[in-house]
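# For reference, the sequence and a predicted model appear below.
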Amino acid sequence: MSWCLTSLALLLICPGALATGWDDFADDLATDLAPLISLFGERLSTQFLSESTSLLDNFLFCVAPIGILTAVVSVIRVCGNSSLRAFIGRAQEGPGDAENELLSCVSEMTAEMFNEGGISRVLGRPRMLEVVGWEDVDAQTQERSFRVGTLRDALQEGVWVAGKGNWILDEKGYLPELDVPNLSLNKGIERRSQGWFYAAAVTGVVLQGGVLIYAAITVYLFPQQFKKDGSLVVSYAFPLFLLGTMMLCTGMFLCAFIIERASTECYLRPATPSKIYWLQPGEQEVGDQVFGAFLGVNEGPGSTLTQNLMYIKSVRSPENPGKSSLLLYFTVAVTMVGFVLQFVGERGLHASVILAEMGATFVMAVVRTCLRTKRTGPEENRLKGEERHLVEHKKQELDWFAFYLLGVEGFRLVLDAGLSSGTSSGTSQTSSQSPSLGARLMQTRIQLARLTSNPDEESSLAWDDLPIRRVARNLADTIESTMNILSSWKSMSGDTAGFDLAFTCQSLDKTTSPTTETYTIKLERSEDTLQWKVDETELEAVLGLWTWSLLKSDPKWLHSGLGRAVGLTISEAGKEETDLYFHKWIFRQREAKMVSSKMIPFDHQLFGYYSDTHPNDKSILTVKTNNTLETMAAQDIFIQFLRSALQAAARACCGLEQGQGAN
């Protein structure tokens, strides 16, 4: 019986004890934890600050704020002097670190790159090609052609114009750091319409104002229902809470304002329908990260050219209001004093007020995040699948990009096509004809080579270690040296020369049959040094397009140990005399072997890769080499040049002999 009475007493007592414990827990949570939540929040705060570009963004940051300490530390990192930075433990921090984490701009010290999950900000100048594509109309012939160039080129030609913020243009009308792309502001984030930002601002005002009104109601209208520890709320609680909240919001606004004004933006728009491309070469090591190949595009619906584009160029502001020590000290003081006053006032108010403040803080944190939730992902990369891996093997992003721009499937040289030689120049297209697909492909690839090899440009635009570029440079040196020797002969005269290369270009549209076209590689002799010069970018274009087409059609070209035919034609490579001459005069360390004639398509090239497809067919003589694909292709081009140059020399000799005979 006594046990039953004891149990009944415990049941009657426990609810009251539990209720009292829950009230104490809720009160402690609201009083002690809620203010600390608003104090921290580093990642959310730095992300929002680094993407802020307007006063509206600054206002959104200051209502029901989170990351108070982060804001104060950030404004000191961006604009503080060495003494203030030492106070927060950042005395030895360089300006690039703060710029990289907190500002929206790019500069000589910071840049942005595509990664698998979005955009990464990095220190230094990694390689990134930003080009604009537009349709150009010839003033004389009214022919339309697709052109590519940098934003600087587009501004120079009036294809793009500067709008808001054009005061940061220099005396030549150029933007500083124009060659460093702003990826986050233009591709990384899909910014919502301005109405969403105004709606978020109204939400913030309602939430922050609602908390203040609710606090006033608990103190002045219903004090008996909202007691603190069984007593009425102390008289100083609400005034301190109100004053502290106002000071804190003001300080947070000034922090965001100073950081945002540390960079300035210029808004560019196309005057002609355009597209924007960002090409990132693969296998770039920046710090401890490796970035893959990526192509991002901003374009119209259905992959069309459009004027409905905007490019935001953000650079470090030359005049930052935060550089004023008085404003900076005032901002830091107002923010920290405001937090202390709000904290003291909150501890004197009812726990529900603090819970309401905490709820407003959480809601606004979610609202601010939702304004910029849609970001670039792997699906935005136009360079995908197997082609991406093939491109990275030989760093042939430029060749793939040229194919992509013009919708090309294949590009192959045609050997022994009955070409002219000597001093011809230009392409096979006459001025009255519209440029063919092959001619446009060559011009586009040449332009891409020039955009990425200008010695006057910064390192991000100088892609000098490309395998194709190195081989093209060696080929150019060899051709120039050979021409210097040939021109020393008395029979050689003139200051211009050239040799024709024939090729076929297959469109992605299979209904269009490829036709044979020619392109003339021109050589000119300097009047000062009398040395011959050839345009390396033209050789690079032919080499790159040809080798990429081969690699794209058959990845087996990556195998080592390619074979070269001993002879210039299939008949020469199959003669018994060829084998005899090779072993008598040429053979050194290389092994020659008879293989199937199907290994090498003599109409297009004089080399191939070994396979076991036709083991019983031994019809042509080949020699195995350790040369790369691009080196083998360069040798074929040199053979074409040498054949053309020697034919021209022979004709000149014949003409000279005939002239002497007539005399």
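That came in fine, so what should we check first?
# so where's the stretch 51-200 of the chain shaky on pLDDT?
Counting by pLDDT under 70, the stretch 51-200 of the chain has low-confidence residues at 139, 142, 165, 167-176.
# Please enumerate the helices of it.
Ranges of helices within the stretch 51-200 of the chain are 55-62, 68-79, 82-87, 95-102, 151-156, 183, 194-216, based on DSSP state H, counting those that start in this stretch.
# Quick check: which of these is nearest to residue 338?
Ranking the helices of the stretch 51-200 of the chain by distance to residue 338, with Cβ to Cβ as the measure, places helix 68-79 first at 8.8 Å. Heads up, the C-betas are built off the backbone N, CA and C, glycines and all.
# the inter-axis angle of the closest one versus helix 95-102?
Interaxial angle, helix 68-79 versus helix 95-102 (axes from the mean of the first three to the mean of the last three Cα atoms, to 10 degrees): 140 degrees.
# quick one: contacts of helix 68-79?
The set of residues external to helix 68-79 that reach it, using Cβ atoms under 8 Å, 6 or more residues apart in numbering, is 38-42, 45-46, 49, 61, 65, 84-85, 87-88, 90, 93, 97-99, 102-103, 248, 251-252, 254-256, 258-259, 262, 320, 322-323, 328, 331-332, 335-336, 339.
# circling back to that earlier point, now mean neighbour count too, for the helices of the stretch 51-200 of the chain, in CSV please.
Output for these, formatted as CSV (neighbours: other Cβ atoms under 10 Å):
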stretch, mean neighbour count
helix 55-62, 20
helix 68-79, 24
helix 82-87, 14
helix 95-102, 18
helix 151-156, 19
helix 183, 25
helix 194-216, 16
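# can I get these in a markdown table with distance to residue 177?
Shown next, in a markdown table, are the helices of the stretch 51-200 of the chain (distance: least, Cβ to Cβ, whole Å):
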| stretch | distance to residue 177 |
| --- | --- |
| helix 55-62 | 22 |
| helix 68-79 | 18 |
| helix 82-87 | 24 |
| helix 95-102 | 12 |
| helix 151-156 | 11 |
| helix 183 | 13 |
| helix 194-216 | 27 |
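# which sections of the stretch 351-500 of the chain are below the confidence cut-off?
Confidence mapping of the stretch 351-500 of the chain against pLDDT under 70 gives the ranges 417-434, 454-461, 490-494.
# mind redoing it with 90?
Low-confidence segments of the stretch 351-500 of the chain (pLDDT under 90): 351-355, 358, 369, 371-380, 384-390, 392-394, 415-436, 453-465, 484-498.
# What segments of the stretch 401-550 of the chain are strands?
With strands called from DSSP state E, counting those that start in this stretch, the stretch 401-550 of the chain shows them at 408-414, 421-422, 496-507, 516-525, 532-534.
# So for residue 575, which of those sits nearest?
Of all these, the one in closest proximity to residue 575, counting by Cβ to Cβ, is strand 408-414 (23.6 Å).
# for the closest one, packing partners?
With contacts taken as 3 or more Cβ pairs under 8 Å, 6 or more residues apart in numbering; DSSP states H and E, strand 408-414 sits against helix 397-406, helix 437-451, strand 496-507, helix 536-553, helix 629-662.
# Does anything pack onto the first one? Which helices or strands?
Under the contact definition 3+ Cβ pairs under 8 Å, 6+ apart, helix 397-406 sits against strand 144-149, strand 274-280, strand 294-298, helix 385-394, strand 408-414, helix 437-451, helix 536-553.
# Output the next helix-or-strand element following the last one as CSV, restricted to C-alpha atoms.
Yep, that's helix 536-553 we're talking about. Moving toward the C-terminus from helix 536-553, the next helix or strand (DSSP states H and E) is strand 562-565. The C-alpha trace of strand 562-565 is given here as CSV (Å, rounded to 0.1, in the frame of the first residue of the first chain):
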residue,chain,number,x,y,z
LEU,A,562,54.7,4.9,-85.0
GLY,A,563,56.0,3.8,-88.4
ARG,A,564,57.1,6.0,-91.4
ALA,A,565,57.0,4.8,-95.0
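# picking that back up, of all the helices of the stretch 51-200 of the chain, which lies closest to residue 279?
Nearest to residue 279 among the helices of the stretch 51-200 of the chain is helix 183; the distance by Cβ to Cβ comes to 11.9 Å.
# what's in contact with the closest one?
So helix 183 is contacted by 112-114, 119, 128, 278, 296 (Cβ under 8 Å, 6+ apart).
# Swap in 7 Å and give it another go.
Under the contact criterion Cβ atoms under 7 Å, 6 or more residues apart in numbering, helix 183 has outside partners 112, 114, 119, 278.
# Kindly report the same for stretch 592-602.
Taking Cβ under 7 Å, 6+ apart as the rule, stretch 592-602 contacts 415, 563, 565-566, 569-570, 582, 606-608, 610, 614, 617-623.
# Ends of that stretch, what's the gap?
Start-to-end span of stretch 592-602 (Cα to Cα, to the nearest Å) is 18 Å.
# Any of the contacts of stretch 592-602 buried? List them.
Buried residues within the contacts of stretch 592-602, defined by neighbour count using 16 or more other Cβ atoms under 10 Å: 415, 563, 565-566, 570, 582, 606-608, 610, 620-623.
# can you redo the helices and strands packed on strand 408-414 as a markdown table with distance to residue 198 and mean neighbour count?
Converted to a markdown table, these look like this (distance: least, Cβ to Cβ, whole Å; neighbours: other Cβ atoms under 10 Å):
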| stretch | distance to residue 198 | mean neighbour count |
| --- | --- | --- |
| helix 397-406 | 40 | 23 |
| helix 437-451 | 41 | 22 |
| strand 496-507 | 49 | 21 |
| helix 536-553 | 50 | 24 |
| helix 629-662 | 56 | 16 |
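# any idea how far the closest residue in space to residue 55 that isn't next to it in sequence lies from residue 249?
Leaving aside its chain neighbours, residue 55 sits nearest to residue 257 (7.3 Å; criterion: Cβ to Cβ, 6 or more residues apart in numbering). As defined by Cβ to Cβ, to the nearest Å, residue 257 lies at a distance of 12 Å from residue 249.
# mind checking which of the helices and strands packed on strand 408-414 is nearest residue 350?
Nearest of the helices and strands packed on strand 408-414 (Cβ to Cβ): helix 397-406, 63.2 Å.
# and residue 367, which of the three is it?
helix (DSSP: H, G, I helix; E, B strand; the rest coil).
# so who does it touch?
Per Cβ under 7 Å, 6+ apart, neighbours of residue 367: 200, 203.
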